[in-house]
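# Got a predicted model here, sequence first, then my questions.
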Amino acid sequence: MGRKKKTLHDYAAEFSELAVRRHLLQRGAAGEPAVVETLYCTSCQLPMRVRRDRILEHLSSGRHYRNRRLLRQHGLRGPLLLTSAPEASDSAAPALQHSGGIGLALFSIGLANKALFQSLLEENGCCLLYVVEDQLEEVQRAFGAEFLGGTRVLRQQDADVALSDQRVSGAIICSPPEEASKIVIDALRAGKGVFCEGLPSLDRQTAAACFDEADRCGRPLVCGFYKRFDPALQFLRRKVRDSRALGRIHRVAAVSSAYPAASPRLLRAAGGIFYNAAVHDIDIVSLLLGESAPDTIFSLGHAFCADLAQLKDADTVAISMKFPSGAIVTVDVSQHCTKTCDHRLEVRGSQGTLRVNNQNPLGITEHGTSVSLCSQTDRYRDAHRELFRHFLRTLKGAEPPAVTKEQFLCAIRVAAAAQQSWRSGSAVDLRSEATDAPVIKTEIMRCSCCRHRRSSPGSSRTSFIEENKDVLPTE
């Protein structure tokens with residue numbers, strides 16, 4: 001007689017870090033149930049092939065060692081649920097049940113704000129079912145093992161597992177803009193509402209396609225213009241727009257200096273300082289004035305950080321804008337701020353001035369001390385929390401997304417113009433872009449033999465006739 005073939009339970013008994021899991025599947029045309037057993041690694045939640053060499057290869061891998069070390073470090077009995085679905089589409093371990101609320105899936109972590117993680121931890125009306133991230137260390141650093149006990153962590157290649165789960169109502173996307181648009185559209189087509197913590201795309205046509213897809217699918221697309229939800233700025237907007245307390249607005253000056261500064265790698269991945277930082281002030285200014293875009297925009301900038309200079313990006317910029325109403329706006333944005341962040345906004349009108357000064361949770365100012373009183377996360381913690389709650393309300397159908405397609409496209413259009421002005425060193429006239437047609441400058445010359453003026457070749461015949469209708473003969 002030959003040697004008896006080893007069963008899954010034999011392998012589980014031989015290797016203490018392996019176990020056997022039973023799954024109830026629907027098989028056959030009639031859909032009769034069938035029980036299937038799978039051998040899997042308890043530390044990594046990976047299904048294992050029943051081959052001794054493959055098992056030994058996995059148990060000696062760096063990924064398995066890292067997961068086992070993290071479990072021991074945090075004193076967990078259960079796994080971190082880091083899975084790879086392609087080999088186990090029928091046998092992937094189901095996510096653990098949460099206490100209730102709206103089911104969410106978080107895509108990528110690298111560009112997410114810490115205040116978003118805090119909102120996820122504190123909000124009782126939702127439950128995080130999935131985190132889609134290739135870097136396990138980033139997940140562990142953001143949430144901690146205790147919170148992840150009921151959350152399934154997937155790699156990017158297995159994102160379809162989260163999108164196909166009917167318990168997931170919303171997708172939170174923190175991917176770089178160049179990657180976010182595809183995930184946004186995939187999530188919308190899967191019937192999920194989407195919260196894009198950054199920008200869905202830097203390209204206006206691609207961003208418009210994301211909003212159009214949201215309309216077609218009937219699901220909300222919420223963009224992360226968090227400053228709209230800051231209580232101080234909301235109060236200022238009510239004073240300026242609703243009660244008209246300042247009369248006609250003459251001047252707006254905004255200062256946004258970050259602390260701590262974003263790393264050059266993250267700043268670049270988010271689209272640079274114009275798309276990552278300045279776009280939020282551009283959105284707030286447009287909201288205060290009730291005007292979508294300025295007529296003229298001019299920018300200056302410099303890279304004091306050598307790494308950003310090599311990437312041909314800036315870390316300090318000054319943007320000047322003139323709006324159709326005549327209001328003059330300046331926006332100063334910097335990644336260099338010592339000890340505490342610096343965020344101020346001043347609005348001057350024909351009947352007075354309102355200012356939003358620096359704020360911090362302690363309500364005090366700093367004079368000569370090296371203690372950091374307020375970080376970027378602390379300053380806008382309430383804004384991020386309210387933005388997240390707004391997203392949950394849109395998933396319930398209680399309210400529409402605050403940022404419309406037109407508002408978002410205008411904001412990134414102005415940000416693109418500001419960046420273009422900085423690179424070219426000249427002002428950008430957005431009035432000509434609104435017509436989507438090239439502006440042809442008409443050079444007027446005097447004719448030596450008659451009193452009327454004629455235009456140079458290339459100018460419009462209609463413009464020429466209109467300008468000289470008093471001296472031209474009638475037909």
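Now that the structure is in, tell me what you want to look at. Residues are numbered from 1 along each chain as shown.
# Would you point out which residue is most central in this protein?
G198 (1.3 Å; C-alpha atoms, centre = their mean).
# separation between that one and D281?
Between G198 and D281 the distance is 16 Å, computed by C-beta to C-beta, to the nearest Å. Any C-beta I mention is one placed from the backbone N, CA and C, and that applies to glycine too.
# and what of K396?
30 Å.
# in the stretch 201-350 of the chain, which ranges drop under the pLDDT threshold?
Across the stretch 201-350 of the chain, the ranges flagged by pLDDT under 70 are 337-339.
# mind redoing it with 90?
241-245, 257-271, 292, 305-313, 335-343 (pLDDT under 90).
# just the helices in it please.
Taking DSSP state H, counting those that start in this stretch, the helices of the stretch 201-350 of the chain run over residues 204-217, 231-237, 264-269, 273, 279-289, 306-310.
# coming back round to it: need the three-state assignment for the residue nearest to the centre of the chain.
coil (DSSP: H, G, I helix; E, B strand; the rest coil).
# I'd say it and E178 touch.
No: with contact defined as C-beta atoms under 8 Å, G198 does not reach E178; the gap is 10.7 Å.
# Contact partners for the residue nearest to the centre of the chain?
Applying C-beta atoms under 8 Å, 6 or more residues apart in numbering, we find G198 in contact with L111, I173, C174, S175, P176, P177, A180, G224, A270, G271, N276.
# Give me the phi and psi angles of it.
Main-chain dihedrals, G198, degrees, to the nearest 10: phi -100, psi -130.
# So the nearest residue to S181 once chain neighbours are set aside versus K239, what's the distance?
Nearest residue to S181, sequence neighbours excluded (C-beta to C-beta, 6 or more residues apart in numbering): S201, at 4.3 Å. According to C-beta to C-beta, S201 stands 34 Å off from K239.
# With neighbour numbers in mind, choose between those two.
Set S201 next to K239 and count neighbours by other C-beta atoms under 10 Å: S201 wins out with 23 against 17.
# Phi first, then psi, for the more buried one.
Dihedral angles (degrees, to the nearest 10) for S201: phi -170, psi 150.
# pretty sure it is touching I183, no?
No: using C-beta under 8 Å as the test, S201 is too far from I183 to be in contact (11.0 Å).
# Ok, which of the helices of the stretch 201-350 of the chain comes nearest L354?
helix 231-237 (5.9 Å; C-beta to C-beta).
# What residues sit buried inside that closest one?
Judged by neighbour count using 16 or more other C-beta atoms under 10 Å, the buried positions of helix 231-237 are A232, L233, L236, R237.
# hang on, the earlier thing: for the contacts of G198, give me TSV that also has neighbour count and distance to L104.
Converted to TSV, the contacts of G198 look like this (neighbours: other C-beta atoms under 10 Å; distance: C-beta to C-beta, whole Å):
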residue	neighbour count	distance to L104
L111	20	17
I173	27	11
C174	22	12
S175	25	15
P176	17	20
P177	22	21
A180	26	16
G224	25	15
A270	20	22
G271	24	25
N276	23	24
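# What about these, which are in strands?
Applying DSSP state E to these, the entries found in strands are I173.
# Listing request: residues of the stretch 51-200 of the chain with sub-threshold pLDDT.
Residues of the stretch 51-200 of the chain that meet the cut-off, pLDDT under 90, sit at 51-101, 109-126, 134-153, 155, 178, 198.
# in it, which spans are strands?
Counting by DSSP state E, counting those that start in this stretch, the stretch 51-200 of the chain has strands at residues 82-83, 102-107, 126-132, 152-154, 168-173, 193-196.
# Can you add distance to S60 and give the ones you listed back as JSON lines?
Shown next, in JSON lines, are the strands of the stretch 51-200 of the chain (distance: least, C-beta to C-beta, whole Å):
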{"stretch": "strand 82-83", "distance to S60": "17"}
{"stretch": "strand 102-107", "distance to S60": "31"}
{"stretch": "strand 126-132", "distance to S60": "26"}
{"stretch": "strand 152-154", "distance to S60": "22"}
{"stretch": "strand 168-173", "distance to S60": "35"}
{"stretch": "strand 193-196", "distance to S60": "40"}
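# you'd agree S43 is up against R68?
Yes: in this structure, S43 is within contact of R68 by C-beta under 8 Å, at 4.6 Å.
# Can you pull out the low-pLDDT segments for the stretch 351-475 of the chain?
Checking the stretch 351-475 of the chain against pLDDT under 90 turns up 357-382, 431-475.
# Quick one: the strands in it, in order.
Using DSSP E, counting those that start in this stretch, strands in the stretch 351-475 of the chain cover 352-356, 428-429, 444-446, 453-455.
# Can I get the longest one as PDB, trimmed to CA atoms?
Once non-C-alpha atoms are left out, strand 352-356 reads as follows in PDB (Å, rounded to 0.1, in the frame of the first residue of the first chain):
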ATOM      1  CA  GLY A 352     -16.400  97.300   7.700                       C
ATOM      2  CA  THR A 353     -13.900  94.500   8.100                       C
ATOM      3  CA  LEU A 354     -14.000  91.000   9.500                       C
ATOM      4  CA  ARG A 355     -11.000  88.800  10.400                       C
ATOM      5  CA  VAL A 356     -10.500  85.200  11.200                       C
END
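# Quick check: buried residues in it?
Going by 16+ other C-beta under 10 Å, strand 352-356 has these buried residues: L354, V356.
# How far does it sit from its chain's centre?
Centroid separation between strand 352-356 and its chain, computed with C-alpha atoms, centre = their mean, to the nearest Å, is 30 Å.
# partners of that strand in the sheet?
For strand 352-356, the paired strands and their directions (DSSP bridges) read strand 342-349 (antiparallel).
# Would you mark the buried spots in the strand it pairs with?
Buried residues in strand 342-349, counting neighbours by 16+ other C-beta under 10 Å, are found at D342, H343, L345, E346, V347, R348, G349.
# how about the fourth one, what does it touch?
Applying C-beta under 8 Å, 6+ apart to E346 gives the contacts R251, V252, A253, A254, T353, L354, R355, V356.
# Pick out whichever of the contacts of G198 sits closest to A105.
Distances from A105 to these, taken by C-beta to C-beta, are shortest for I173, at 9.2 Å.
# quick one on the thing from earlier: distance check, the residue nearest to the centre of the chain against L345.
Distance of G198 to L345, computed by C-beta to C-beta: 22 Å.
# Same question for I284.
For I284, the distance to L345 - C-beta to C-beta - is 7 Å.
# Format the contacts of G198 as TSV; extra columns: distance to L387.
Listed next are those as TSV, based on distance: C-beta to C-beta, whole Å:
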residue	distance to L387
L111	15
I173	14
C174	13
S175	18
P176	20
P177	18
A180	17
G224	7
A270	17
G271	19
N276	16
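# Taking the contacts of G198, tell me the two that lie furthest apart.
Spanning the widest gap among the contacts of G198 are I173 and N276, at 15.5 Å by C-beta to C-beta.
# I'd say S320 and I297 touch.
Yes: using C-beta under 8 Å, S320 makes contact with I297 at a distance of 7.1 Å.
# Neighbour count: the two, which is higher?
Remark: of S320 and I297, I297 carries more neighbours, 24 against 17, as counted by other C-beta under 10 Å.
# how about that one, what does it touch?
I297 is in contact with I319, S320, M321, K322, V414, A417, A418, S421, A427, V428, L430, counting by C-beta under 8 Å, 6+ apart.
# and those residues, which are buried?
I319, S320, M321, V414, A417, A418, S421, V428, L430.
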